[in-house]
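Engineer: Starting from these lines, generate the structure:
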Amino acid sequence: MHCPPPARRNSISPSLLARLANHPDRIVAEASTGLFMAESRRRGVIECISQKDLPAGLHQRLVWWVAAAVRERCDASGQEVAVLDAALAEAALHSLSAHDDRDRLEAVAMRLAVAFEAGPQELPSLLIEAIGDRRIALFTAFLSQAVGLDYEQGREIVCDPDTGRLWLVLRALDCDRRTIARIGLALCEADARRDLEDFADSLDDIADVSPTRARQALAPMKLHPDYRAALSALMHGAQAYR
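Structural biologist: Residues are numbered from 1 along each chain as shown. Below you'll find the predicted structure:
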């Protein structure tokens, strides 16, 4: 755990990520700089898609689809087809071998969260600052690391406007009503699918959930995904025979 960087006092003060980039811990500072670079690549994705910014599974599918599309457009016949197929397959495999998921924005954000290892007292302010800076990847990484979930699980929770899992996670982390209110307001302002009035009406109920109850409710989510899938399959199978 590291001492938190001084919080911003006004709009012209350095952002959370900028302060973390100057953190005395070299690992934290390097991870923060890496996140700046990953954000820059992500912003440039509109002009030129970077393979480093694609998840490995998606990148793999896209590479083979591109190879197939090139094959379809080429006017080849006989022995030329075999040569073309071999060349396209070699090029696709070369592209796949060069892919490194570790450089993706989400992976870098998670490394930063793990390196910083926010304590219970500093976590609420870090979450508020990250969401206030519109750095949803950093917010998700801090949240996921603190509650013991991987990034993909955390992103699913954060991006889902229809369930109360995010508020459950925040209560499991013992975030108070004020913290939850500020995070909820920021998310409602950023996502038109979220209803601010509904959130405001449910805020008291959210705050009334004890951290212990919230942690108990979240426990199944922390099981290995394959184990959860097996348990779910068995449960649904047993219900089918009733």
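
Engineer: Can you give the contact residues for the helix or strand where residue 88 lies?
Structural biologist: Under the criterion of DSSP states H and E, residue 88 resides in helix 79-98. By C-beta atoms under 8 Å, 6 or more residues apart in numbering, the residues outside helix 79-98 that reach it are 51, 59, 60, 63, 64, 66, 67, 70, 71, 74, 76. C-beta coordinates here come from the backbone N, C-alpha and C atoms, glycine included.

Engineer: Could you pull up the residues touching residue 164?
Structural biologist: Here residue 164 is in contact with 202, 206 (C-beta under 8 Å, 6+ apart).

Engineer: what's next to the least confident helix or strand in the chain by mean pLDDT, contact-wise?
Structural biologist: In the chain, no helix or strand scores lower on mean pLDDT, DSSP states H and E than helix 225-240, which sits at a mean of 74. Outside helix 225-240, the residues within contact range by C-beta under 8 Å, 6+ apart are 220, 221, 223.

Engineer: got the CA coordinates for it in CSV?
Structural biologist: What follows is helix 225-240, C-alpha atoms only, in CSV (Å, rounded to 0.1, in the frame of the first residue of the first chain):
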residue,chain,number,x,y,z
PRO,A,225,-15.6,-18.7,-14.1
ASP,A,226,-15.5,-22.3,-15.2
TYR,A,227,-16.4,-23.4,-11.7
ARG,A,228,-19.4,-21.0,-11.7
ALA,A,229,-20.5,-22.2,-15.1
ALA,A,230,-20.4,-25.8,-13.8
LEU,A,231,-22.4,-25.0,-10.7
SER,A,232,-24.9,-23.1,-12.8
ALA,A,233,-25.3,-26.0,-15.2
LEU,A,234,-25.8,-28.5,-12.4
MET,A,235,-28.4,-26.2,-10.8
HIS,A,236,-30.4,-25.7,-13.9
GLY,A,237,-30.1,-29.4,-14.7
ALA,A,238,-31.5,-30.3,-11.3
GLN,A,239,-34.4,-27.8,-11.7
ALA,A,240,-35.3,-29.4,-15.1
